[in-house]
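K.L.:
Output the structure for:
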Amino acid sequence: MSAQSEIAAQKTVTGNDPLGTFGRYLTLWVTLAIIMGISLGHFFEQGFAFLSTLEIGQVNLVVAVLIWVMIYPMMVSVDFNSLKQIGARPKGLIITSVTNWFVKPFTMAALGWLFFQVFFVDWVAPSDAKEYIAGMILLGSAPCTAMVFVWSQLTKGDATYTLVQVSLNDIVMILAYAPIVAFLLGISDIIVPWETLLLSVVLYVVIPLTAGYLTRLHLLRRGSEEEVSQFTDKLKPWTIIGLLLTVVLLFGFQGETILAHPIVILLIAIPLIIQSLGVAAIAYTWAWLWRVPIEIAGPVALIGSSNFFELAVAVAISLFGLDSGAALATVVGVLVEVPIMLLIVHLVNRTRHWFI
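P.N.:
All right, here's what the predicted structure looks like:
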C-alpha cells in the first residue's frame with residue numbers, strides 16, 4: 001500500500017480530527033448518559049418494562065437497532081484488501097494475534113474470578129458476581145475493530161499494519177468468538193445458551209460486516225477512498241448517538257440496583273482497568289524485546305488492550321438480558337475505555353525513543 005493510500009485509509013475511519021468532539025469527550029457523554037438512564041429508569045419504570053418485552057429469540061429489538069447503528073459505520077471502514085499485506089509485518093501480527101486470542105480472554109476471566117470470587121466476595125452477591133464475570137469475559141473476548149484506527153493515528157502508527165490487523169481480527173472473530181466465550185463461561189460455571197450466542201455473532205458480526213463490505217464496494221465503484229471517508233464521516237455522529245442511547249437504556253434497567261449498590265461500578269472498573277493496562281504492557285514489552293519498530297509497537301499495544309465493546313454489550317443483552325449484571329459490566333467497559341486508551345497513547349508517545 002502506498003503512502004497516499006495509507007493516509008486515505010486513516011482518514012476513512014478517523015476523518016480530519018482523529019477523535020472529534022464526541023469521541024474526545026466520550027467518557028463525559030457516557031457518564032451523562034448513565035445519569036440520565038438511572039433517572040429515567042427510576043421515574044419511568046413501566047416504560048422501560050415495556051421496552052424489555054420487545055424481543056425475538058432473546059434479542060431485544062430496540063437494542064439490536066441501536067447496536068447496528070453503532071457497528072455498521074465501523075464495518076464500512078474495514079478494508080479486506082489489506083489482507084494482501086499480511087506477510088509484510090509478521091512480528092506485529094504474531095504479537096497482536098497471540099495477545100488478542102490467547103492472552104486477553106483468559107486473563108480477563110482470571111481477573112474476574114479473582115476479584116469477584118475472592119477480593120470482593122463479601123461485597124457482591126454470588127449470583128451477581130457470576131454475571132459480572134460473564135460481562136468481563138464477553139469484553140475480553142472481543143478485541144477492538146475499527147476504533148483502533150483512532151488510537152493508532154494518535155501514536156503515528158503504521159496505517160497498513162492497522163488495516164491488516166483489523167481485517168484479520170474480524171475474520172478470526174467470526175470463527176473464534178463464540179467458542180472462546182462458551183469455553184470461558186463454562187469453566188466459570190455459567191450456563192451458555194449456544195443458540196443465542198451463535199445468533200448474536202451472526203447478528204452483530206457477520207451481518208454488519210457483510211453490509212459494511214458491500215457498502216464499501218459500492219462506494220469505491222462510485223469514487224475512491226475519499227467517497228468512503230465522506231460516507232463514514234456522515235455516519236460518525238449516529239455511532240455515538242446509538243452508543244449513548246444504548247447506555248441510557250441499560251442503566252434505565254439497572255437504575256434501582258445501582259442506587260442500592262453504587263459502589264458496584266467501581267468494583268467492576270478495577271479489574272477492567274488492570275487487565276487493559278496489563279495486556280498493553282505485555283504486548284508493548286514483547287514488541288520492544290523483539291525490536292519491532294515504534295510505528296508497529298504502538299498499534300500492537302493499543303489493539304491488544306482495547307475492546308469491541310459494542311459486540312460485548314449486544315451479546316451480554318442477548319445472553320443475560322437488559323437488566324443483567326453482565327450487561328452492566330460491558331457498559332462499565334465503555335466508561336473506562338476512552339481514558340485508558342488515551343493514557344496508553346500518551347505512554348507510547350512518551351517512550352518512542354526506546355525504539356530508536
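
K.L.:
Tell me which other helices or strands the host helix or strand of Leu214 touches.
P.N.:
Per DSSP states H and E: Leu214 is located in helix 207-222. Applying 3 or more C-beta pairs under 8 Å, 6 or more residues apart in numbering; DSSP states H and E, one finds that helix 207-222 contacts helix 61-77, helix 225-260. All C-beta atoms are positioned from the backbone trio N, CA, C, and that covers glycine.

K.L.:
which sections of this structure are below the confidence cut-off?
P.N.:
1-24, 26, 57-59, 82-83, 85-88, 145-147, 149-150, 192-193, 254, 257 (pLDDT under 70).

K.L.:
Strands of that one, start to end?
P.N.:
With DSSP state E as the criterion, the chain has strands at 55-56, 59-60.

K.L.:
and those strands, which is most packed in?
P.N.:
Compared across the strands of the chain, strand 59-60 shows the largest average neighbour count, a mean of 20 (mean count of other C-beta atoms under 10 Å).

K.L.:
and the spatially closest residue to Ser324 that is not a sequence neighbour, what is it in contact with?
P.N.:
Excluding the flanking residues, the one nearest Ser324 by C-beta to C-beta, 6 or more residues apart in numbering is Glu131, at 5.3 Å. Applying C-beta atoms under 8 Å, 6 or more residues apart in numbering, we find Glu131 in contact with 190, 320, 324-326, 328-329.

K.L.:
okay if I get these as CSV plus neighbour count and distance to Pro299?
P.N.:
Formatted as CSV, the contacts of Glu131 follow (neighbours: other C-beta atoms under 10 Å; distance: C-beta to C-beta, whole Å):
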residue, neighbour count, distance to Pro299
Ile190, 18, 33
Phe320, 24, 32
Ser324, 22, 33
Gly325, 26, 33
Ala326, 27, 29
Leu328, 26, 30
Ala329, 32, 26
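
K.L.:
which one of these sits closest to Thr155?
P.N.:
The closest of these to Thr155 turns out to be Ala329 (C-beta to C-beta; 28.1 Å).

K.L.:
Pretty sure Leu54 sits against Val62.
P.N.:
Yes - contact between Leu54 and Val62 holds when scored by C-beta atoms under 8 Å: they sit 5.7 Å apart.

K.L.:
If you count surrounding residues, which of those two has more?
P.N.:
Shown here are Leu54 and Val62; by other C-beta atoms under 10 Å, Val62 has more neighbours (15 against 12).

K.L.:
Check the contact between that one and Thr246; I expect there is one.
P.N.:
No - counting by C-beta under 8 Å, Val62 sits too far from Thr246 to count as a contact (9.0 Å).

K.L.:
Please identify the buried residues of stretch 332-347?
P.N.:
Burial within stretch 332-347, assessed by neighbour count using 16 or more other C-beta atoms under 10 Å, is assigned to 332-338, 340-342, 344-345, 347.

K.L.:
Show residues contacting that stretch.
P.N.:
23, 26-27, 30-31, 34, 135-136, 139, 151, 154-155, 243, 247, 265, 268-269, 272-273, 276-277, 280, 298, 301-302, 305-307, 309, 312-313.

K.L.:
swap the cut-off to 7 Å and go again
P.N.:
The set of residues external to stretch 332-347 that reach it, using C-beta atoms under 7 Å, 6 or more residues apart in numbering, is 26-27, 30-31, 139, 151, 154-155, 243, 247, 265, 268-269, 272-273, 276-277, 280, 301-302, 305-307, 309, 312.

K.L.:
what about the residue nearest to Ala176 when sequence neighbours are not counted, how many neighbours?
P.N.:
Using C-beta to C-beta, 6+ apart and skipping residues adjacent in sequence, the residue nearest Ala176 is Trp101, 6.1 Å away. By other C-beta under 10 Å, the residues close to Trp101 number 18.

K.L.:
my guess is Trp101 contacts Tyr177, does it?
P.N.:
No - Trp101 lies out of contact with Tyr177 (C-beta atoms under 7 Å); the separation is 9.5 Å.

K.L.:
Asn100 versus the residue nearest to Gly333 when sequence neighbours are not counted, what's the distance?
P.N.:
Ranked by C-beta to C-beta, 6+ apart and with sequence neighbours excluded, the top spatial neighbour of Gly333 is Leu139, at 4.6 Å. According to C-beta to C-beta, to the nearest Å, Leu139 and Asn100 sit 13 Å apart.

K.L.:
next one: Ala269
P.N.:
When C-beta to C-beta is the yardstick, Ala269 and Asn100 sit 22 Å from each other.

K.L.:
Could you pull up the contacting residues of the closest residue in space to Gly255 that isn't next to it in sequence?
P.N.:
In space, and not counting its chain neighbours, Gly255 is closest to Gly41: 3.2 Å by C-beta to C-beta, 6+ apart. Gly41 is in contact with 48, 251-253, 255, counting by C-beta under 7 Å, 6+ apart.

K.L.:
what do you get if the cut-off is 10 Å, keeping everything else the same?
P.N.:
47-49, 248-259, 323 (C-beta atoms under 10 Å, 6 or more residues apart in numbering).
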